[in-house]
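Trainee: Got a sequence here, can you model it:
(chains A and B)
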Amino acid sequence: MDVSGDLRDAARDRPAGLHGLADRIEERVWAALLVLPALAMVALFFLYPLGFSLVSAFQDRAGAWTLDNFRKSFELYGGDMAFTLMIACLSSLLVAVLSIAIGGYLTLGENARAVALLRWLYRWPLFIPFVVAAQMMRGYLAKNGLLNNGLVGLGVIEPLQAASLLDWRGIVVTFVWKQTPFVALMVAGAMASLDRSTIEAGRNLGAGRLRILVEIVVPQVRQTLTVGLILSFVTMLSVLSVPMMINPNAPTMITVDMAYRINAHGDYGVANALGFVSYLMAGTVAWIYLRHGVRRGAGP
Amino acid sequence: MSALLWIPRGAVLGLAAFAVFSPLANLVLWAVAEKWYFPHTLPLEYGFAFWERVFAPRSNAMASLGTSVTIALFTVLACLAVSVPAGYALARLRLPWRGLILLAFLLPQAFPSVPVYINVARIFYAAGLNGTIAGVVLVHAVHGLVFSVWITTAAFAAVDRSLEEAARNIGAGPLRAFLTVTLPLAAPGVLASAIFVFLESLDEFTGTYFVGVPDVTTLPLLMFNAAMGGNYQIASITALILLVPSVGFMLVIERFLKADVLAKVGH
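Mentor: Numbers count the residues shown, from 1 in each chain, chains lettered A, B, ... in the order given. This next block holds a predicted model:
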């Protein structure tokens, strides 16, 4: 970056020294001015409300400092916090396993036609909005939905065994269905850019494909996998439509509780305290990643 | 031997296809079902009566589709207006803390968004922006900035610097060189970023839910209301309408987003 900048200065054929310095300062001022409007948008419409939510979590309706909002949140929604964490962790785990399997087959698969088929197939849910996915699963997983009807029709289960999956299972299924392609896309991309010689070396030593995947390929793409999983974990903590449409009754996710506190009670204190808890969940995951995962200088 | 391998392979691929497409099939069935109730596996009557209701010229669905497209177009304009200058500066000029600035645009996607939107709505309410198109556009635009800034930066970085310098050497000013050389060459990348922002806005639900009430009803909100009201047909048809641009744009996106630009995204 700097080298090419210096070359450009030389190419402009200006005398070095004071003129060059003035030019550089002028360039920085221009650059700052050009970036400023975009940064101002983030500051005004994201950072400011974020700060507002952090402060409001510790204030009562009159604006005095208090921890009451948190006491009330844990009393009323402690179970929902555990429920939310469990859903996000379980979904992330399933997404990790499935995306490693998909990426692994795309990288190590020996049949070109099967690989091409899978590559075409797995991306579809990526393009589908969450709110549409939620509506789809609401019909699909219901007691008399297509899944149960299909299983009864095939004779896999008895009609009386058909049960609605629209509880925690429905949320997990929807999240996994929607997020696996996103993480798999990142993981498959990282696997494709690996140095093939390590894989060939494993093969020559007689390792099976599963062993090559687990012992050679996955460790090398661990960083990309973790970044993908963190982004999808935060997404699960952000999506309101899926828990609201699939499982609106208690126990449910704290996103639904926040909306309820606002819509039914106008209670910004408890809603923001719940928001603070969800920042903590996302922050903890990011912190674990920074603590254990980062090798400096290696970009995802 | 290799033919026998198609049995497990086919079974796994078939299962994957079932997992991906059977929920979609459920949606399509609901969209064309006139009558469907327990315990029937498939709809009892098929028809397009609900489609006529959705596509009637003055229907709520068409009005929300109009609102959605208007908001998405203004969101694209707002994003490009700030991202083209920012992307040029990030790609071409010397800028301190460049990495941090790029990262700042990812922040709105990296935090749980519900509490942020709740407080945006509170601030906008005081400013008279709640329930207005402008308020919803601003919320969508902040969320879309990561696409528009990152992709336009990559697009400008992929333009050959010597072409710009050639224009400068034969006497073009910096603005003219940008408008006649750099911008046209970066146009496919800029267009790709616009598509991402457009789709993100079209599909957005949570921000609109808090900031748009009670006057702005986009198509995702109409779909949500129909679904919660138990009208599965209307909800499924509007869901299908939402799918068309997403799938369509994604199928052509590779034409706009060339590999040389893609390799530079986020750098």
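
Trainee: Contacts only, for residue 98.
Mentor: Since no chain was named, I'll use chain A. Contact analysis of A:Leu98 by C-beta atoms under 8 Å, 6 or more residues apart in numbering or on different chains lists A:Val176, A:Thr180, A:Ala184. In this view, the C-beta of every residue, glycine as well, is placed from N, C-alpha and C.

Trainee: I was thinking of chain B, sorry if that wasn't clear
Mentor: Counting by C-beta under 8 Å, 6+ apart, B:Arg98 makes contact with B:Leu90.

Trainee: redo that, cut-off 10 Å
Mentor: Applying C-beta atoms under 10 Å, 6 or more residues apart in numbering or on different chains to B:Arg98 gives the contacts A:Met1, A:Ala31, A:Val35, B:Ala89, B:Leu90, B:Ala91, B:Thr153.

Trainee: just B:Phe105 next, same as before
Mentor: So B:Phe105 contacts A:38-39, A:41-42, A:46, B:83, B:86, B:90, B:142, B:144-150, B:153 (C-beta under 10 Å, 6+ apart).

Trainee: Same check on B:Pro23?
Mentor: With C-beta under 10 Å, 6+ apart, B:Pro23 has these contacts: A:125, A:128, A:133, A:135-141, A:145-147, A:173-174, A:177.

Trainee: Narrow the residues you listed to those that are buried.
Mentor: Listed as buried from the contacts of B:Pro23 are A:125, A:128, A:133, A:135-141, A:145-147, A:173-174, A:177; burial here means 16 or more other C-beta atoms under 10 Å in any protein chain shown.

Trainee: For chain B, give the residue positioned nearest to chain A.
Mentor: Nearest residue of chain B to chain A: B:Pro115, at 2.4 Å (C-beta to the nearest C-beta).

Trainee: For chain B, what's its nearest residue on chain A.
Mentor: In chain A, the residue that lies nearest chain B is A:Gly275 (2.4 Å; C-beta to the nearest C-beta).

Trainee: coming back round to it: close enough to count as contact, the residue of chain B closest to chain A and A:Pro49?
Mentor: Yes. Counting by C-beta atoms under 10 Å, B:Pro115 touches A:Pro49, with 8.6 Å between them.

Trainee: Closest one to B:Trp30 out of the contacts of B:Arg98, please.
Mentor: B:Trp30 lies nearest to B:Thr153 out of these, by C-beta to C-beta, at 42.5 Å.

Trainee: Spell out the secondary structure type for that closest one.
Mentor: Look at B:Thr153: counting by DSSP: H, G, I helix; E, B strand; the rest coil, its state is helix.

Trainee: cool, B:Pro23 as well?
Mentor: Judged by three-state DSSP, the three-state class of B:Pro23 is helix.

Trainee: near chain B too, which of the buried ones among the contacts of B:Pro23?
Mentor: A:125, A:128, A:133, A:135-141, A:145-147, A:173-174, A:177 (C-beta under 10 Å from any C-beta of the partner chain).

Trainee: Just give me the closest of the contacts of A:Leu98 to A:Gly206.
Mentor: Nearest to A:Gly206, judged by C-beta to C-beta, of the contacts of A:Leu98 is A:Ala184 at 28.3 Å.

Trainee: Could I get the contacting residues of the closest one?
Mentor: By C-beta under 10 Å, 6+ apart, A:Ala184 lies in contact with A:95-96, A:98-104, A:106, A:118, A:122-123, A:126, A:191, A:225, A:228.

Trainee: let's see 7 Å
Mentor: A:Ser99, A:Ile102, A:Gly103, A:Tyr122 (C-beta atoms under 7 Å, 6 or more residues apart in numbering or on different chains).

Trainee: Same list, those residues, but only the ones touching chain B.
Mentor: A:Tyr122 (C-beta under 7 Å from any C-beta of the partner chain).

Trainee: Out of the contacts of A:Ala184, list just those in helices.
Mentor: Among these, the residues falling in helices (DSSP state H) are A:Ser99, A:Ile102, A:Gly103.

Trainee: hmm, which of the residues you listed are the buried ones?
Mentor: A:Ser99, A:Ile102, A:Gly103.

Trainee: State the helix or strand in which the nearest residue to the second one once chain neighbours are set aside lies.
Mentor: If you skip the residues right next to it in sequence, A:Ile102 has A:Ala184 as its closest partner in space, 4.3 Å away by C-beta to C-beta, 6 or more residues apart in numbering or on different chains. Remark: A:Ala184 resides in helix A:168-192, with elements defined by DSSP states H and E.

Trainee: For the next helix-or-strand element following that helix, name the packing helices and strands.
Mentor: From helix A:168-192 onward toward the C-terminus, using DSSP H and E, the following helix or strand is helix A:196-204. Here helix A:196-204 touches helix A:209-212, going by 3 or more C-beta pairs under 7 Å, 6 or more residues apart in numbering or on different chains; DSSP states H and E.
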